[in-house]
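Asks: Would you be able to build a 3D model of this:
(one chain, ligands or ions: 1)
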Amino acid sequence: MESHCLAVASIYTGYFTMNAVLIEKQKTKVLVDGGNPEETLRIKSLIGFVDGQTTNPSLIARNPEIQHRIASGHKLSPDEASEEYKKIVQRISPLVGDAGVSIEVFSNLDTTAEQMLTQGKDMFSWIPNAYIKYPCTREGLRAAQMSVEEGIRVNITLCFSQEQAAGVYAATQATKAPAYVSPFIGRLDDRGENGMDLIKNIQRMYEAGDGHVYVLAASIRSIDQLLACFALGVELVTVPAKILEAWAARGFPTPNRNFAYKGADTSGKTLKPIQYRSIDLREPWNTFDLTHELTRKGIEKFVADFEGTLGQSTGVR
Ligand code: E4P
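Replies: Next comes the predicted model:
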């Protein structure tokens with residue numbers, strides 16, 4: 001079912017990879033899903049490379065330095081929270097490869113595209129390799145459309161349906177760099193649907209397109225899901241440190257020709273398949289159904305996690 005990557009002595013010089021084992025490079029770029037530069041450094045030293053990083057408000061809220069400040073009784077104002085986020089991504093930025101660092105705008109269900117764009121422009125200036133994350137909603141895609149027209153790289157997050165991915169494709173046609181769409185596998189699995197099917201369906205739908213959107217598989221919960229992403233040849237996958245550490249501990253397995261993804265929940269029950277739908281990518285982006293319950297819940301959770309940690313409102317409108 002799986003083969004193991006060649007482990008060879010490091011040929012890199014420098015602090016991060018001196019003792020690292022280099023692994024056979026997959027076509028799929030591997031990003032760290034987290035909010036802690038120390039963790040990114042640790043993973044880079046463990047696997048020899050980190051192609052990029054994704055962050056989000058929940059992950060930033062868990063950053064040890066933010067946690068420390070909160071524990072010592074400090075309440076972060078919205079401006080201070082933004083400054084902390086900036087410092088974190090500025091430390092991560094030089095550690096990663098060309099898949100960049102995704103920085104997510106603070107938004108709730110009422111935030112307008114213009115408000116997101118204002119944040120996106122500022123965040124894009126923080127580091128040279130930023131991707132701005134907008135939620136896969138009507139306002140998020142409107143912000144993304146305006147962003148790519150201004151040369152801002154985008155990553156559309158909280159994608160749970162093929163229609164939403166079609167909307168991402170249509171809204172980002174003016175992009176100069178590849179736009180990313182982040183379908184969340186684990187959160188679909190959590191409610192009994194086979195999230196990996198969504199990845200396959202989006203890839204199939206995008207075959208009719210011009211290749212300007214890359215699939216960034218997100219919400220990875222297991223090594224099996226990571227291997228399935230490699231087997232499908234998704235352009236990018238973002239993975240929590242603990243899964244990458246488990247992957248390393250197993251000797252960096254890669255899927256061989258007979259690899260078959262199980263698509264089962266933790267109790268072994270088969271997940272419900274998600275059917276492919278025929279969708280015309282040439283339709284205007286705002287004609288697609290962009291609503292999904294998990295997108296709404298995801299936005300609410302990001303706000304709750306961040307504000308819960310700060311102990312006060314972030315001031316997002
Ligand atoms: C992606 O960019 C997200 O940060 C992430 O993959 C969400 O994963 P979760 O469902 O485990 O929170």
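
Asks: Contact partners for G35?
Replies: Residues in contact with G35 (C-beta atoms under 8 Å, 6 or more residues apart in numbering) are 55-56, 59-63, 88. Every C-beta, even on glycine, is put in place using the N, C-alpha and C of the backbone.

Asks: filter the residues you listed down to the ones near the ligand?
Replies: N56 (C-beta under 6 Å from any ligand atom).

Asks: Just the buried ones out of the contacts of G35, please.
Replies: Among the contacts of G35, those buried by neighbour count (16 or more other C-beta atoms under 10 Å) are 55-56, 59-61, 63, 88.

Asks: how about a markdown table for the residues you listed, with secondary structure and pLDDT added?
Replies: Shown next, in a markdown table, are these (DSSP: H, G, I helix; E, B strand; the rest coil; pLDDT from 0 to 100):
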| residue | secondary structure | pLDDT |
| --- | --- | --- |
| T55 | coil | 97 |
| N56 | coil | 91 |
| L59 | helix | 92 |
| I60 | helix | 90 |
| A61 | helix | 88 |
| N63 | coil | 92 |
| I88 | helix | 96 |
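
Asks: ok, back up a step: TSV for the contacts of G35, including distance to N129?
Replies: As requested, the contacts of G35 are exported to TSV (distance: C-beta to C-beta, whole Å):
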residue	distance to N129
T55	13
N56	17
L59	18
I60	17
A61	23
R62	22
N63	19
I88	14
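
Asks: Let me know the closest of the contacts of G35 to the ligand.
Replies: Proximity of the contacts of G35 to the ligand, judged by C-beta to the nearest ligand atom, is greatest for N56, which lies at 4.1 Å.

Asks: what's near enough to touch that closest one?
Replies: By C-beta under 8 Å, 6+ apart, the residues touching N56 are 35, 104, 133, 157, 302.

Asks: so which of those residues would you say is closest to the ligand?
Replies: Distances from the ligand to those, taken by C-beta to the nearest ligand atom, are shortest for T157, at 5.4 Å.

Asks: who touches whichever strand or helix holds the closest one?
Replies: Using DSSP states H and E, T157 sits within strand 154-159. The contact list for strand 154-159, computed with C-beta under 8 Å, 6+ apart, reads 54, 56, 102, 104, 120, 131-136, 140-141, 144, 147-148, 165, 168, 172, 175, 179-184, 216, 218, 292, 294-295, 298-299.

Asks: Direction included, what does that strand pair against?
Replies: Paired strands of strand 154-159, with direction, are strand 130-135 (parallel), strand 179-183 (parallel) (DSSP bridges).

Asks: Run the chain-centre distance for the first one.
Replies: Taking the mean of its C-alpha atoms, strand 130-135 sits 9 Å from the chain's own mean (C-alpha atoms, centre = their mean, to the nearest Å).
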